[in-house]
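K.L.:
Turn this into a structure:
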Amino acid sequence: MIGQKVEGSLNEQMKKEFYSSYLYLAMAAHFESVNLRGMARWMRVQSQEEYGHGLKIFDYLVERGGKVTLQQIDAPPLKWESPRKVFEDAYQHEQKVTRAISDLVDLSKAENDHATQVFLQWFVNEQVEEEAGASEIVQKFQLIGNEGAALFMLDGELGKRGSGK
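P.N.:
Below you'll find the model as predicted:
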């Protein structure tokens, strides 16, 4: 059986993961609206991954005999000033998620919940990958500046992203 504090925090993290999915889907819609279909695809795949992360927590709560409490998800932004800003926001969002996962790890340690500590290690590793991927794209935007041809090349590169893990 899972403790109430950890259960509540996992439910909150599940909400954050589903919000992440919603946020990336909004980013995909934004890119579709400005005909950057490669970037839209990248964000759509990211949205699917985040939804999967939420389900992973859902399943863990069920497996541990916890109560799944679905919560209202806030609406994400709908527009961004530039493609670069979208990816900067995505990178900042991933840093925020990393902090939330770290807080969960700290809580599970304080509560002596070893099973949750082991479960959360997957998320710790995943966040390293998530931050690195978003950071790499932001760095590419810094290199290309306002060069239109380079933007379209980057769009094509990002459109090659596979359908997830």
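K.L.:
Give me the distance from the host helix or strand of Val118 to the chain's centre.
P.N.:
Element membership of Val118 [criterion: DSSP states H and E] is helix 114-144. In terms of CA atoms, centre = their mean, to the nearest Å, the centre of helix 114-144 is set 9 Å apart from its chain centre.
K.L.:
Give the residue spans of this structure that score low on pLDDT.
P.N.:
Within the chain, the stretches falling below the threshold (pLDDT under 70) are 163-165.
K.L.:
got the buried residues for stretch 9-28?
P.N.:
Of the residues in stretch 9-28, those buried under the neighbour-count criterion (16 or more other CB atoms under 10 Å) are 9-11, 13-28. Glycine gets a C-beta too; all of them are placed from N, C-alpha and C.
K.L.:
One more: stretch 130-139?
P.N.:
Along stretch 130-139, these residues count as buried under the neighbour rule (16+ other CB under 10 Å): Glu130, Gly133, Ala134, Ser135, Ile137, Val138.
K.L.:
Pick the one among the residues you listed closest to Ser33.
P.N.:
Within the buried residues of stretch 130-139, proximity to Ser33 (CB to CB) peaks at Ile137, which comes in at 19.3 Å.
K.L.:
Correct me if wrong: that closest one contacts Asp155.
P.N.:
No: in this structure, Ile137 is not within contact of Asp155 by CB atoms under 8 Å, at 11.2 Å.
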